[in-house]
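S.K.: Need a 3D model of the sequence below.
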Amino acid sequence: MPTFAKGDFLQGLEGANPNHLLLFTANSVLTRSGALVMGAGAARALRDRIPGVDRVLGRRLAAAGAPAVYGLLVVRGRRIRIGAFQTKRHWREPSDLELIRLATRRLLAYLEDHPEVRRVDLNFPGVGLGGLSERTVRPILEALPPFVHVWKL
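M.R.: Prediction:
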(Lines give C-alpha, C1' and ligand atoms only; values in the text may rest on other atoms or scores of the structure.)
Protein backbone atom coordinates (compact mmCIF):
# COMPACT_ATOMS: atom_id res chain seq x y z
CA MET A 1 0.00 0.00 0.00
CA PRO A 2 1.31 3.49 -0.77
CA THR A 3 2.13 6.09 1.83
CA PHE A 4 -0.66 8.65 2.12
CA ALA A 5 0.57 12.04 3.32
CA LYS A 6 -0.70 15.56 3.93
CA GLY A 7 1.11 18.32 2.11
CA ASP A 8 2.29 19.48 -1.28
CA PHE A 9 3.48 16.80 -3.70
CA LEU A 10 6.15 19.23 -4.90
CA GLN A 11 7.99 18.52 -1.65
CA GLY A 12 9.21 15.58 -3.70
CA LEU A 13 11.53 17.94 -5.58
CA GLU A 14 13.64 18.41 -2.45
CA GLY A 15 16.57 16.03 -2.62
CA ALA A 16 15.39 14.65 -5.97
CA ASN A 17 17.67 12.28 -7.82
CA PRO A 18 17.54 10.21 -11.04
CA ASN A 19 15.89 7.30 -9.15
CA HIS A 20 12.98 9.49 -8.16
CA LEU A 21 9.71 9.89 -10.08
CA LEU A 22 7.52 12.95 -9.59
CA LEU A 23 4.02 12.45 -11.00
CA PHE A 24 1.19 14.93 -11.44
CA THR A 25 -2.38 14.37 -12.56
CA ALA A 26 -2.94 15.24 -16.19
CA ASN A 27 -5.18 15.28 -19.24
CA SER A 28 -4.39 14.64 -22.91
CA VAL A 29 -5.04 18.07 -24.43
CA LEU A 30 -2.24 19.78 -26.35
CA THR A 31 -2.11 23.50 -27.05
CA ARG A 32 -1.69 24.85 -30.60
CA SER A 33 2.02 25.13 -29.89
CA GLY A 34 2.15 21.45 -28.87
CA ALA A 35 2.47 21.85 -25.09
CA LEU A 36 0.49 19.66 -22.72
CA VAL A 37 -2.26 21.74 -21.09
CA MET A 38 -1.19 22.22 -17.48
CA GLY A 39 -3.35 25.20 -16.53
CA ALA A 40 -4.65 24.42 -13.05
CA GLY A 41 -4.10 22.47 -9.86
CA ALA A 42 -1.04 20.27 -9.42
CA ALA A 43 -0.22 20.43 -13.14
CA ARG A 44 0.00 24.21 -13.05
CA ALA A 45 2.03 24.18 -9.85
CA LEU A 46 4.57 21.86 -11.50
CA ARG A 47 4.60 23.85 -14.76
CA ASP A 48 5.26 27.04 -12.79
CA ARG A 49 8.04 25.36 -10.82
CA ILE A 50 9.72 23.73 -13.84
CA PRO A 51 9.24 26.00 -16.86
CA GLY A 52 9.09 24.12 -20.15
CA VAL A 53 7.93 20.80 -18.70
CA ASP A 54 4.60 21.26 -20.51
CA ARG A 55 6.41 21.52 -23.87
CA VAL A 56 8.61 18.48 -23.19
CA LEU A 57 5.62 16.34 -22.22
CA GLY A 58 3.56 17.68 -25.13
CA ARG A 59 6.30 16.76 -27.63
CA ARG A 60 6.50 13.29 -26.13
CA LEU A 61 2.74 12.83 -26.30
CA ALA A 62 2.64 14.14 -29.89
CA ALA A 63 5.42 11.71 -30.86
CA ALA A 64 3.20 8.90 -29.59
CA GLY A 65 0.40 10.07 -31.88
CA ALA A 66 -1.29 12.31 -29.27
CA PRO A 67 -3.60 9.58 -28.00
CA ALA A 68 -6.64 10.63 -25.96
CA VAL A 69 -5.81 7.81 -23.54
CA TYR A 70 -2.22 7.09 -22.50
CA GLY A 71 -2.43 6.44 -18.76
CA LEU A 72 1.15 7.29 -17.85
CA LEU A 73 3.82 9.31 -19.62
CA VAL A 74 7.30 9.59 -18.10
CA VAL A 75 10.23 11.73 -19.20
CA ARG A 76 13.70 11.47 -17.71
CA GLY A 77 15.70 14.49 -16.75
CA ARG A 78 19.19 14.66 -15.32
CA ARG A 79 17.92 15.31 -11.80
CA ILE A 80 14.56 13.57 -11.73
CA ARG A 81 11.97 11.69 -13.75
CA ILE A 82 8.69 13.54 -14.26
CA GLY A 83 5.48 11.93 -15.34
CA ALA A 84 1.89 12.64 -16.25
CA PHE A 85 -0.60 10.38 -14.44
CA GLN A 86 -3.70 10.66 -16.61
CA THR A 87 -7.02 11.20 -14.84
CA LYS A 88 -8.90 13.07 -17.61
CA ARG A 89 -9.12 13.11 -21.39
CA HIS A 90 -9.98 16.82 -21.47
CA TRP A 91 -9.15 19.32 -18.73
CA ARG A 92 -12.80 20.51 -18.63
CA GLU A 93 -14.10 17.04 -17.73
CA PRO A 94 -14.24 15.48 -14.30
CA SER A 95 -11.69 12.80 -13.52
CA ASP A 96 -12.48 9.29 -14.74
CA LEU A 97 -12.06 6.28 -12.43
CA GLU A 98 -11.23 4.04 -15.40
CA LEU A 99 -8.36 6.36 -16.40
CA ILE A 100 -7.11 6.33 -12.80
CA ARG A 101 -7.21 2.51 -12.85
CA LEU A 102 -5.31 2.49 -16.15
CA ALA A 103 -2.71 4.99 -14.93
CA THR A 104 -2.25 2.95 -11.74
CA ARG A 105 -1.70 -0.27 -13.73
CA ARG A 106 0.74 1.50 -16.03
CA LEU A 107 2.61 2.94 -13.05
CA LEU A 108 2.91 -0.55 -11.54
CA ALA A 109 4.25 -1.87 -14.88
CA TYR A 110 6.69 1.06 -15.14
CA LEU A 111 7.98 0.38 -11.63
CA GLU A 112 8.42 -3.30 -12.45
CA ASP A 113 10.41 -2.38 -15.59
CA HIS A 114 12.44 0.28 -13.70
CA PRO A 115 13.41 -1.24 -10.34
CA GLU A 116 15.95 1.55 -9.85
CA VAL A 117 13.06 3.94 -9.05
CA ARG A 118 13.10 4.15 -5.27
CA ARG A 119 10.64 6.97 -4.61
CA VAL A 120 7.48 8.24 -6.30
CA ASP A 121 5.56 11.37 -5.34
CA LEU A 122 2.05 11.96 -6.72
CA ASN A 123 -0.69 14.43 -5.90
CA PHE A 124 -3.89 12.60 -4.90
CA PRO A 125 -5.50 11.70 -8.25
CA GLY A 126 -9.05 12.70 -9.09
CA VAL A 127 -9.82 14.81 -6.05
CA GLY A 128 -9.99 18.61 -6.01
CA LEU A 129 -10.48 19.80 -9.59
CA GLY A 130 -11.17 16.19 -10.64
CA GLY A 131 -14.39 16.14 -8.63
CA LEU A 132 -14.00 12.66 -7.14
CA SER A 133 -13.91 11.75 -3.47
CA GLU A 134 -10.82 10.39 -1.76
CA ARG A 135 -12.96 7.49 -0.53
CA THR A 136 -13.74 6.50 -4.14
CA VAL A 137 -10.18 6.72 -5.46
CA ARG A 138 -8.18 5.37 -2.53
CA PRO A 139 -9.03 1.66 -3.09
CA ILE A 140 -7.57 1.88 -6.62
CA LEU A 141 -4.31 3.34 -5.29
CA GLU A 142 -3.90 0.72 -2.57
CA ALA A 143 -2.22 -1.60 -5.10
CA LEU A 144 0.79 0.75 -5.20
CA PRO A 145 3.95 -0.03 -3.19
CA PRO A 146 4.93 1.83 0.01
CA PHE A 147 7.62 3.93 -1.68
CA VAL A 148 4.85 5.70 -3.61
CA HIS A 149 3.83 8.82 -1.66
CA VAL A 150 0.33 10.12 -2.44
CA TRP A 151 -0.03 13.73 -1.30
CA LYS A 152 -3.18 15.65 -0.44
CA LEU A 153 -3.24 19.30 0.58
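
S.K.: Give the residue farthest from the middle of the protein.
M.R.: residue 32 (22.1 Å; CA atoms, centre = their mean).

S.K.: looking at this, it is in a strand?
M.R.: No. Under DSSP: H, G, I helix; E, B strand; the rest coil, residue 32 falls outside any strand and is assigned coil.

S.K.: now the strands: where do they sit in the chain?
M.R.: Using DSSP state E, the strands of the chain run over 3-6, 20-26, 72-76, 81-86, 119-123, 148-152.

S.K.: For the ones you listed, give me TSV that also has mean neighbour count.
M.R.: Using the backbone N, CA and C atoms, a C-beta is placed for each residue, glycine as well. Output for the strands of the chain, formatted as TSV (neighbours: other CB atoms under 10 Å):
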stretch	mean neighbour count
strand 3-6	13
strand 20-26	26
strand 72-76	17
strand 81-86	24
strand 119-123	24
strand 148-152	20
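
S.K.: Tell me which of the ones you listed lies nearest to residue 132.
M.R.: strand 20-26 (10.7 Å; CB to CB).

S.K.: Now do the closest one against strand 72-76, angle only.
M.R.: Per axes from the mean of the first three to the mean of the last three CA atoms, to 10 degrees, the angle that strand 20-26 makes with strand 72-76 is 140 degrees.

S.K.: if you go through this structure in chain order, where are the helices?
M.R.: 41-49, 53-63, 97-113, 134-141 (DSSP state H).

S.K.: Now render the ones you listed as CSV, adding distance to residue 12.
M.R.: Shown next, in CSV, are these (distance: least, CB to CB, whole Å):
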stretch, distance to residue 12
helix 41-49, 10
helix 53-63, 14
helix 97-113, 15
helix 134-141, 16
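
S.K.: how about those helices, which one is nearest residue 5?
M.R.: Comparing the helices of the chain by CB to CB, helix 134-141 comes nearest, at 12.5 Å.

S.K.: For that closest one, name the packing helices and strands.
M.R.: Using 3 or more CB pairs under 8 Å, 6 or more residues apart in numbering; DSSP states H and E as the contact test, the elements touching helix 134-141 are helix 97-113.
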